[in-house]
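1. Sequence below, structure please.
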Amino acid sequence: MKINREKIIKSVKAAFFILAGNALLAFLVAAFVIPHDIIMGGTTGIGIVLGRVLPVETALIVLILNVILLLAGLFVLGKKFFLTTVASSLLYPVFLGLMQRIPGIGGMTDNELLSAIFAGVLMGLSLGMVMRVGSSTGGMDILNLMLHKWFHLPVAVFVTITDFAVVGGQALFLEPEKLLYGIVVLVLETMVLDQVMLFGTAQIQIFAVSPHYEQIRLRLLTELEAGVTMTMIETGCLEKQQKGVLCVIPNRKLYAATELIQEIDPAAFITVTKIKEVRGRGFTSAREPVEIPGKA
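-> Numbers count the residues shown, from 1 in each chain. Predicted structure coming up:
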């Protein structure tokens, strides 16, 4: 029963993030990208280009392109890939069509730089929400994966090629300043996406070398309730074998941990490292109570 409940919660969470992420992506495109002709990649960029020469809404063009790529992905990449990308491939253009029908959505601001900033930040946030639950945004991602399968080159190579092709197509219709705004969007999107993907999983790793390792271990466990791993080391100068203390903690506990170690041994050798992601008991699963020897 517990396993089924956890699976249901996980599925509901994934569905919420996919829906919210695609809705937010559609909103920013309708509110900031299309009204100000800001350059962007993917099927949206192709839709914007074709929308200038065809009497068809951008949302409909994106939907048609996504469906074509989705069906191609089904035959080339398989059923499993199809099932994991079908939601975003269909939801996004539907949401985009609905957002474009909201009165005044394109008039939120007349400032193009402000639009580019909001577009980049919200795009990174929306894509991060979708990717955090293991889903794909579909669109050109499907084409890039198919090209990777056919030509056996890194996916990043095809991402660069297709993005340059789409952006270049838009640049033919727009002035150079629009291209600069597009670069602003791309940079902000990448920065925010990286932070969203790592949000809540990044931690600090402390490694301490001191002859008082046992006292440091006990106080980290009891006072900070931190997980501790002991490693066998040999000092470089004296070639003395002893234990090192390895501890992974949240950012907010860094000051307390270093102060605690230096209080025990002011000469302790301490290194502090930023860890991008931590998984396991005490972090992504519940921490089990541990009895510390000598603790009442």
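2. what's the closest non-adjacent residue to Leu188?
-> Gly120 (2.7 Å; CB to CB, 6 or more residues apart in numbering). Just so you know, the C-beta spots here come from the backbone N, C-alpha and C atoms, and that holds for glycine as well.
3. Touching, the one you found and Ile183? I think so.
-> No: assessed by CB atoms under 8 Å, Gly120 is found out of contact with Ile183, at 9.6 Å.
4. which of these two has more neighbours?
-> Counted by other CB atoms under 10 Å, Gly120 and Ile183 do not tie: Gly120 has more neighbours, with 27 against 13.
5. how much space between that one and Val33?
-> 10 Å (CB to CB, to the nearest Å).
6. what's the overlap in contacts for those two?
-> Residues touching both Gly120 and Val33 (CB atoms under 8 Å, 6 or more residues apart in numbering) are Val185.
7. Contacts only, for the most centrally placed residue in the chain.
-> By CA atoms, centre = their mean, the chain has its centre lying nearest to Met197, at 2.6 Å. When contacts are counted by CB under 8 Å, 6+ apart, Met197 touches 128, 131-132.
8. Could you pull out the buried residues of the helix or strand where Ile61 lies?
-> Per DSSP states H and E: Ile61 is located in helix 58-77. Neighbour counts over helix 58-77 (16 or more other CB atoms under 10 Å) mark 58-59, 61-63, 65-66, 69-70, 73-74, 76-77 as buried.
9. tell me which of the residues you listed is nearest to Asp110?
-> Thr58 (20.6 Å; CB to CB).
10. OK, contacts around that closest one?
-> Here Thr58 is in contact with 34, 44, 47-48, 51, 96, 100 (CB under 8 Å, 6+ apart).
11. Can you redo those residues as CSV, where the extra columns are pLDDT and neighbour count?
-> Listed next are the contacts of Thr58 as CSV, based on pLDDT from 0 to 100; neighbours: other CB atoms under 10 Å:
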residue, pLDDT, neighbour count
Ile34, 86, 22
Thr44, 83, 27
Gly47, 85, 27
Ile48, 80, 24
Gly51, 81, 17
Leu96, 88, 26
Gln100, 88, 18
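12. Fine by me, thanks again.
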